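Visitor: Quick one, structure for this:
(one chain, ligands or ions: 2)
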Amino acid sequence: MKLTRRTFLGSVAATLALPRAGLAAVAELRPAPANLQILPSDYPTTDVWGYGGMPGPEIRLPQGARLDRRLVNGLDQPTTIHWHGLRLPNAMDGVAGMTQDSVAPGGTFDYGFDLKDAGTYWYHPHDRSYEQVGRGLAGALIVTEADAPEVDRDEALVLQDWRMQPDGTMVEDFGALHDMAHAGRIGNYVTANGQSYIERDLPLHGRLRLRLINAAASRVMQIVHAGFTGWTVAEDGHPLETPAALPEMLVLGPGQRMDLIVDVSATGDETAYLGLVEGDSAAVLYEVTPSEAERDAARAAPAPLPPNPLPPLGDLSKARATEVRIEGGAMGRMTAARADGVEMPMQDLVQQGLVWALNGAAGVPDTPIATVSPGETLRMPLINDTAWPHVMHLHGHPFRVIEGDRPGGPWRDSVLVMPGDRTEIAFVAEEPGDWMFHCHMLDHSASGMMHWVKVR
Ligand code: C2O
Ligand code: CU
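Guide: Ligands and ions are numbered 1, 2, ... in the order given. Okay, the predicted model is just below:
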């Protein structure tokens with residue numbers, strides 16, 4: 001039976017475990033195959049993997065609250081849920097084979113932890129994520145500030161990238177070595193919250209908070225805008241010290257987020273929009289038609305968001321440093337690397353699907369890239385000796401890009417490092433445990449760019 005989007009959503013709502021009076025029932029997240037309208041409505045529906053709808057249900061909780069979700073695996077392969085960008089106990093981090101055993105088909109796992117930081121985060125599987133995220137498994141996780149800025153509308157846009165055929169089928173070429181050795185498996189169609197674009201009505205000078213989440217497996221999103229006066233107020237969930245005027249183009253690597261506050265300034269027949277750059281044109285992702293109702297005046301720039309309670313970096317000139325060399329890929333210079341502790345020439349690595357390395361190790365090595373004690377600050381100069389951009393992501397520990405001995409940007413959890421660049425980050429170790437450090441182009445992490453930091 002072919003389900004329409006509406007009846008599909010209806011039937012899913014009925015299967016959600018809703019809390020019943022007197023019972024401490026835990027809400028469920030159930031990844032499972034689904035058939036949904038992904039291409040525009042005049043195209044056929046698509047077989048995807050989702051946590052109910054597409055994207056997964058938005059989780060929105062106040063800062064300081066506890067998040068409790070039971071993963072019920074409805075897939076025919078093991079999975080986990082990783083809570084991207086959050087500071088949490090290591091056992092709740094959701095990394096298959098590192099912080100927990102992967103959850104078998106039909107199995108369950110209970111996640112529960114306190115939300116220390118406000119901001120825009122997301123959740124996704126951390127087992128075969130190049131395929132599981134690529135097939136659609138991702139959802140927004142919004143932690144609201146007690147003292148949030150006043151806006152007319154606050155919404156998350158989960159951006160997903162699909163490799164589709166015009167008949168609505170997904171191209172099922174996950175894990176192809178050619179993609180992995182280049183920019184990753186980039187699709188040919190991008191959705192915002194599962195739709196080709198989103199339309200809203202708002203008065204002139206109406207104010208929006210838009211939380212952009214790049215949930216693509218590998219595509220770097222380049223977004224242009226018109227008809228808005230706006231500011232960037234947070235990156236990867238964490239507030240900028242001062243809201244910055246919107247740059248002409250917003251660039252979001254896979255896994256990265258950006259909170260915008262935008263005021264509608266379009267008038268007459270114009271609309272205000274965000275558009276995804278594709279070649280030399282832009283496709284509308286989010287469009288606002290100014291309505292008749294008019295606010296009387298343009299508004300002042302928003303105040304900065306309240307900072308999150310992160311431990312300070314301290315005196316960076318005294319901090320230890322671990323250099324990270326990023327090597328490999330097509331057109332790279334890597335000739336050998338260690339895999340499973342054995343030094344191997346490139347052609348043997350390729351046999352195992354490994355084409356990238358971090359500090360000479362391809363795949364998850366037995367020993368961490370660094371061992372740090374709680375409270376200690378570690379600097380990590382990231383040296384991209386490849387022909388490709390990478391988005392380096394550290395679990396459980398927000399970091400700052402540093403310039404010399406000072407912070408050069410806000411706290412964040414993923415940083416885009418361009419070919420040939422050296423970008424230095426620093427973080428303060430907190431919760432003990434093994435924390436992944438990898439490229440968030442999920443085809444790259446699956447083919448070697450996967451390491452870890454030990455906090456002990
Ligand atoms: Cu968003 Cu290790 O992942
Ligand atoms: Cu990469």
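
Visitor: The helix or strand His451 falls within: how far from the chain's middle?
Guide: Per DSSP states H and E: His451 is located in strand 450-455. The chain centroid and the centroid of strand 450-455 are separated by 19 Å, computed with CA atoms, centre = their mean, to the nearest Å.

Visitor: What residues does the stretch 351-456 of the chain have near ligand 1?
Guide: Contact residues (CB under 6 Å from any ligand atom) of the stretch 351-456 of the chain with ligand 1: 393, 395, 436, 438, 440. In short, each C-beta sits where N, CA and C put it, glycine included.

Visitor: quick one, strands of the stretch 1-150 of the chain?
Guide: Applying DSSP state E, counting those that start in this stretch to the stretch 1-150 of the chain gives strands spanning 28-29, 32-36, 46-50, 56-62, 66-72, 82-84, 108-114, 119-124, 139-144.

Visitor: Out of those, which gets nearest to Ala216?
Guide: Closest approach to Ala216 among the strands of the stretch 1-150 of the chain is made by strand 119-124 (10.8 Å; CB to CB).

Visitor: Low-confidence regions, the stretch 51-200 of the chain specifically.
Guide: For the stretch 51-200 of the chain, applying pLDDT under 70 flags no range at all.

Visitor: Check it for the residue nearest ligand 1 and tell me.
Guide: Residue nearest to ligand 1 within the stretch 51-200 of the chain: His84 (3.7 Å; CB to the nearest ligand atom).

Visitor: before we move on, the earlier item: partner strands of the strand holding His451, with direction?
Guide: Strand 450-455 pairs in its sheet with strand 370-372 (parallel), strand 433-439 (antiparallel), by DSSP bridges.

Visitor: Just the helices from the stretch 201-350 of the chain, written as ranges.
Guide: 346-351 (DSSP state H, counting those that start in this stretch).

Visitor: Can you name the residues of it that neighbour ligand 1?
Guide: Going by CB under 6 Å from any ligand atom, the residues of the stretch 201-350 of the chain near ligand 1 are Gly255.

Visitor: Report the contact partners of the closest residue to ligand 2 within the stretch 201-350 of the chain.
Guide: Of all residues in the stretch 201-350 of the chain, Ile326 sits closest to ligand 2, at 7.5 Å by CB to the ion. For Ile326, the contacting residues are 356-358, 382-386, 390, 392, 417, 439, 449, by CB atoms under 8 Å, 6 or more residues apart in numbering.

Visitor: now do 10 Å
Guide: Applying CB atoms under 10 Å, 6 or more residues apart in numbering, we find Ile326 in contact with 332, 334, 356-359, 382-386, 388, 390, 392, 417, 419, 421, 439, 444, 449.

Visitor: for Val350, same thing?
Guide: 177, 180-181, 344, 447 are the contacts of Val350 under CB under 10 Å, 6+ apart.

Visitor: which one among the residues you listed gets closest to Trp411?
Guide: Ser447 (29.0 Å).

Visitor: State the number of residues packed around the residue in the stretch 1-150 of the chain that ligand 2 sits nearest to.
Guide: Using CB to the ion, the single residue of the stretch 1-150 of the chain nearest to ligand 2 is Tyr130, 11.3 Å away. Using other CB atoms under 10 Å, Tyr130 is surrounded by 22 other residues.

Visitor: and the residues of the stretch 351-456 of the chain next to ligand 1 near ligand 2, which?
Guide: With CB under 5 Å from the ion as the criterion, those include none near ligand 2.

Visitor: of all those, which comes closest to Ala217?
Guide: Set against Ala217, the nearest of those by CB to CB is His440 (8.9 Å).

Visitor: residue contacts, the nearest residue to the closest one once chain neighbours are set aside?
Guide: Counting by CB to CB, 6 or more residues apart in numbering, Gly255 is the residue found nearest to His440 once chain neighbours are left out, at 3.6 Å. Contact analysis of Gly255 by CB under 10 Å, 6+ apart lists 84-85, 122, 124, 133, 213-217, 236, 391-393, 413-414, 416, 438-442.
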